[in-house]
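In: Sequence and predicted structure are below.
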Amino acid sequence: MHIGILQCGHTPDLVNANHGDFDALFTRMFDGEGFSFTTFNVVDDEWPEDHLTADGWLVTGSKHGAYEDHAFIRPLEEFIRAVDQSHRPMVGICFGHQIIAQALGGTVEKFAGGWAVGRHTYDFEGTALSFNAWHQDQVVKRPETAKVVATSSFCENAALRYEDRILTTQAHPEITNAVLQDYLAARGTDPQYPTALIEQAKAHVDTPNDEWVVARMLAHFLKDNAP
């Protein structure tokens, strides 16, 4: 199955040097699933020919807000709607989770409760799964077609499913603890992140997570709904 990666941002320099860009993190996450990949740096105005170029799509994270005025936002929303209407499967992570919701009628805002950094635990329809997050923005109103499949006290719409077409998560299954360590080193001194949150994330950076469970969930969704 051929997956098109819509890369909406780039990892920090330290993360990129040690682990690669977002597309490298995702191809590593899906290792063994039998996928092939093509990356389109939509954040840099590099686009696929059309929404039928790949069998399925993945929308990555980004430092940008879905509601911000960047040149790639509106074309990406149009592309997302075209994929949705074609019933080709699509998954989205963090910014991808947010921009898909926004494109399909939801609302994304800066969350009044602040940032999520590091290990968070979510209720996936009765199963507790922990993996790493890094965000302030959230989907505060989900589209009518979206069903909540994961939630937490901090993030109500932590994962959304749109029938057999789209599955998205707010947190990052591609950010392993090793990758998170370099994120903390690269961004941990930035004053926009509360010191207490950074220290809490560092305290749990060696705690095993369930990102592999979420990765398999996303992979199976893509394969089960392939055209």
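Out: The structure has been received and is ready for your questions. Residues are numbered from 1 along each chain as shown.
In: Only C-alpha atoms from now on, for both contacts and neighbour counts.
Out: Will do.
In: Near F26, how many other residues are there?
Out: Here the number of neighbours of F26 (other Cα atoms under 10 Å) works out to 19.
In: now L104
Out: Around L104 there are 19 other residues, counting by other Cα under 10 Å.
In: Next up, the contacts around the residue nearest to it when sequence neighbours are not counted.
Out: Nearest residue to L104, sequence neighbours excluded (Cα to Cα, 6 or more residues apart in numbering): P143, at 6.0 Å. Counting by Cα atoms under 8 Å, 6 or more residues apart in numbering, P143 makes contact with 101-102, 104-107.
In: which one is E78 nearest to, not counting chain neighbours?
Out: E78 sits nearest to A103 (Cα to Cα, 6+ apart), 7.4 Å away.
In: Identify the residues contacting that neighbour.
Out: By Cα under 8 Å, 6+ apart, the residues touching A103 are 77-78, 80-81.
In: and N157, what is it in contact with?
Out: Listed by Cα under 8 Å, 6+ apart, the contact partners of N157 are 138-140, 142, 148, 150-151, 170.
In: Just want the most central residue of this structure.
Out: Closest residue to the average C-alpha location of the chain: I93 at 1.0 Å, with Cα atoms, centre = their mean.
In: Tell me the spacing between R216 and L222.
Out: Separation of R216 from L222 (Cα to Cα, to the nearest Å): 10 Å.
In: between these two, who's got more neighbours?
Out: Remark: of R216 and L222, L222 carries more neighbours, 26 against 15, as counted by other Cα under 10 Å.
In: which residues touch the more buried one?
Out: Counted by Cα under 8 Å, 6+ apart, L222 has contacts 56, 89-91.
In: Pick the one among those closest to Q7.
Out: Using Cα to Cα, V91 is the member of the contacts of L222 that sits closest to Q7, with 12.4 Å.
In: isn't the closest one right next to I80, touching?
Out: No - V91 lies out of contact with I80 (Cα atoms under 8 Å); the separation is 10.5 Å.
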